[in-house]
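Asks: Sequence and predicted structure are below.
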Amino acid sequence: MTASQKHSGGSSSPLILCTNDDGIHAPGLRLLADVAGRLGDVIVVAPDRQQSATSHSLTLHRPLRVTEIEPDRHVIDGTPTDCVLIAVNQLLAVRPDFVLSGVNHGSNMGEDVLYSGTVAAAMEGTILGIPSIAVSWAGEGIGDLSSFASPLHHLLEQILGRAEFPAETFLNINIPDVTASRIKGIRVTTLGRRVYSDSLIRREDPGGREYFWIGGGVSSWSGGETSDFRALEAGYVSVTPMHLDLTSHRLIDELESWSL
């Protein structure tokens, strides 16, 4: 019996949908599913390949295919947003209680959240009315994430155990690049600002045709004491509440005065 079938039969454990943007075989997804499995019944629906920086994109111009590689573990040849949308509306017999996205290899702070497929999957869950959380690790490369199982379980247990989850809001969690024993604690944070330099390369291929390569370069951070990147620099886990409403409410009255 699958996790969603158990819930359609009245299971009392929460049903948790896990996804990511690093692909179905990513160690971070395995860690997240293992930790979530201690907190409820888990179904994994993830992309078949790396989907970093796909943001909130949907696949509209070709068919999407779903493969069940084992019970409660599906792979889709699409984006993280595709995965959440299809899982909630087609694959699960009942709606999940939570959507968890990650654990991403690489932080998602500041402007990164606008590009991140990890964050987009949590946002899609929120749009569908499901409490959602994005989780990222600030380390470089693959790394061994197994040591973070205990602190991640402790944090998710506290969040998922809340009686109410704020409407139209999801949480963006970043884990610092330190050993689990050196994590100092948890800070509730705001988004910092990140500026990239020399991240666009212009070259010619062997045939003399011009091409551009986006990525690399260097970045610099700015932001106040409550910024997410400052928490990670100090060895704390960053938890940033994110809201779907992008309206700049403080400018409403000023724009009204423009008499547009």
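Replies: Everything's here; your move.

Asks: For the stretch 1-150 of the chain, give me the ranges with low pLDDT.
Replies: Counting by pLDDT under 70, the ranges of the stretch 1-150 of the chain that qualify are 1, 8-9, 141-143.

Asks: All the strands of it, residue numbers only.
Replies: 15-19, 41-47, 66-70, 73-76, 98-105, 132-137 (DSSP state E, counting those that start in this stretch).

Asks: JSON lines please, covering those strands and showing distance to residue 117 and mean neighbour count.
Replies: (Glycine included, C-beta is placed from N, CA and C.) Converted to JSON lines, these look like this (distance: least, C-beta to C-beta, whole Å; neighbours: other C-beta atoms under 10 Å):
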{"stretch": "strand 15-19", "distance to residue 117": "9", "mean neighbour count": "27"}
{"stretch": "strand 41-47", "distance to residue 117": "8", "mean neighbour count": "25"}
{"stretch": "strand 66-70", "distance to residue 117": "18", "mean neighbour count": "12"}
{"stretch": "strand 73-76", "distance to residue 117": "13", "mean neighbour count": "20"}
{"stretch": "strand 98-105", "distance to residue 117": "8", "mean neighbour count": "29"}
{"stretch": "strand 132-137", "distance to residue 117": "10", "mean neighbour count": "27"}
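
Asks: need the ones you listed in JSON lines with distance to residue 122, can you?
Replies: Below are these laid out as JSON lines (distance: least, C-beta to C-beta, whole Å):
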{"stretch": "strand 15-19", "distance to residue 122": "9"}
{"stretch": "strand 41-47", "distance to residue 122": "14"}
{"stretch": "strand 66-70", "distance to residue 122": "21"}
{"stretch": "strand 73-76", "distance to residue 122": "17"}
{"stretch": "strand 98-105", "distance to residue 122": "5"}
{"stretch": "strand 132-137", "distance to residue 122": "4"}
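
Asks: and residue 27, which of those is closest to it?
Replies: Ranking the strands of the stretch 1-150 of the chain by proximity to residue 27 (C-beta to C-beta) places strand 98-105 first, at 7.9 Å.

Asks: follow-up on the earlier one: out of the strands of the stretch 1-150 of the chain, which is closest to residue 181?
Replies: Nearest to residue 181, of the strands of the stretch 1-150 of the chain and by C-beta to C-beta, is strand 132-137 at 15.4 Å.

Asks: can you list contacts of that closest one?
Replies: 28, 32, 98-108, 116, 118-119, 121-126, 143, 145, 148, 152, 156, 159, 170-175, 177 (C-beta atoms under 8 Å, 6 or more residues apart in numbering).

Asks: Those in helices, which ones?
Replies: 28, 32, 118-119, 121-126, 152, 156, 159 (DSSP state H).

Asks: Could you work out the most separated pair of these?
Replies: 124 and 152 (21.6 Å).

Asks: Nearest to residue 3 among the strands of the stretch 1-150 of the chain would be which one?
Replies: It is, among these and with distance given as C-beta to C-beta, strand 41-47, at 3.9 Å.

Asks: burial measure for residue 168, as a count.
Replies: 11 (other C-beta atoms under 10 Å).

Asks: you'd agree it is up against residue 246?
Replies: No. Here residue 168 does not reach residue 246: they are 11.3 Å apart, not a contact under C-beta atoms under 8 Å.

Asks: Excluding residues flanking it in the chain, which one is nearest residue 90?
Replies: Spatially, and ignoring its direct neighbours in sequence, residue 90 is nearest to residue 66 (8.0 Å; C-beta to C-beta, 6 or more residues apart in numbering).
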